[in-house]
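Visitor: Quick one, what's the 3D model for this:
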Amino acid sequence: MATRRADITRLTAADLAGASLVTASALLDMLTAEEIERVVAACAGRPTLFTLSVVGRVELTPPHPLDDEVAKAFNDHQRRTVAGRTLLGPDAPEACVAAFARHGVAATVRPSPWRLGPEQAALAAEWFAGWLDAAREQRPELAGPAEAYGRRRLAQARAGQLGVLVDHRDLLAGCP
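Guide: The predicted structure is shown next:
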């Protein structure tokens, strides 16, 4: 067994010669439609497992009126254009399933949510800070209204009082 690290957006079928399994994690949402097509074309014909792809649904408890607005801004950030590349963000798992289907490969998608509670307070706080930063980067006008929101939510997270559910999908293709 050999493990190789490379830029998956440049993956070819020749790179996978002899591979019995292809895996990647937290990746699909950071790809464009064209990149997913190339990756799927390279992977078609061998079992492929892509895990932890965001699908645009976050649930925070207790709820706050700004949660939905920040979630929408974050999802827009996931779909932004970077250096001429328009990312698929939460639409990526569905696009990947369609790409595999075009190659005659069945793909199964299953939920794989993150559930962070009091035991993961530090991780919840770190996740929340990154989530909010991405939303504010996408929509700078959120900076003012999100100031107090961010302080309150971070304090809740650090104290283990913020429940976080981040919906993800795992995709398995090419398995009988």
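Visitor: When you work out contacts or count neighbours from here on, use the C-alpha atoms and nothing else.
Guide: Will do.
Visitor: And the longest strand seen in the chain, what's buried?
Guide: Longest strand in the chain by number of residues (criterion: DSSP state E): strand 48-61. The neighbour-count criterion (16 or more other CA atoms under 10 Å) identifies 48, 49, 50, 51, 52, 53, 54, 55, 56, 58, 60 as the buried residues of strand 48-61.
Visitor: Check stretch 115-134 too.
Guide: Of the residues in stretch 115-134, 116-118, 120-122, 124-125, 127-129, 131-134 count as buried by neighbour count, 16+ other CA under 10 Å.
Visitor: ok, now stretch 89-103?
Guide: Buried residues in stretch 89-103, counting neighbours by 16+ other CA under 10 Å, are found at 89, 90, 91, 92, 93, 95, 96, 97, 98, 99, 100.
Visitor: just the CA coordinates of that stretch, formatted as CSV?
Guide: Extracted in CSV, the C-alpha atoms of stretch 89-103 (Å, rounded to 0.1, in the frame of the first residue of the first chain):
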residue,chain,number,x,y,z
GLY,A,89,-19.5,25.2,-1.8
PRO,A,90,-22.6,23.5,-0.5
ASP,A,91,-23.6,22.4,-4.0
ALA,A,92,-20.5,20.2,-4.5
PRO,A,93,-21.8,16.8,-3.2
GLU,A,94,-24.8,16.9,-5.6
ALA,A,95,-22.5,18.0,-8.5
CYS,A,96,-20.2,15.1,-7.7
VAL,A,97,-23.0,12.6,-7.7
ALA,A,98,-24.1,13.9,-11.1
ALA,A,99,-20.5,13.7,-12.5
PHE,A,100,-20.1,10.1,-11.3
ALA,A,101,-23.5,9.3,-13.0
ARG,A,102,-22.2,10.8,-16.3
HIS,A,103,-19.4,8.3,-16.0
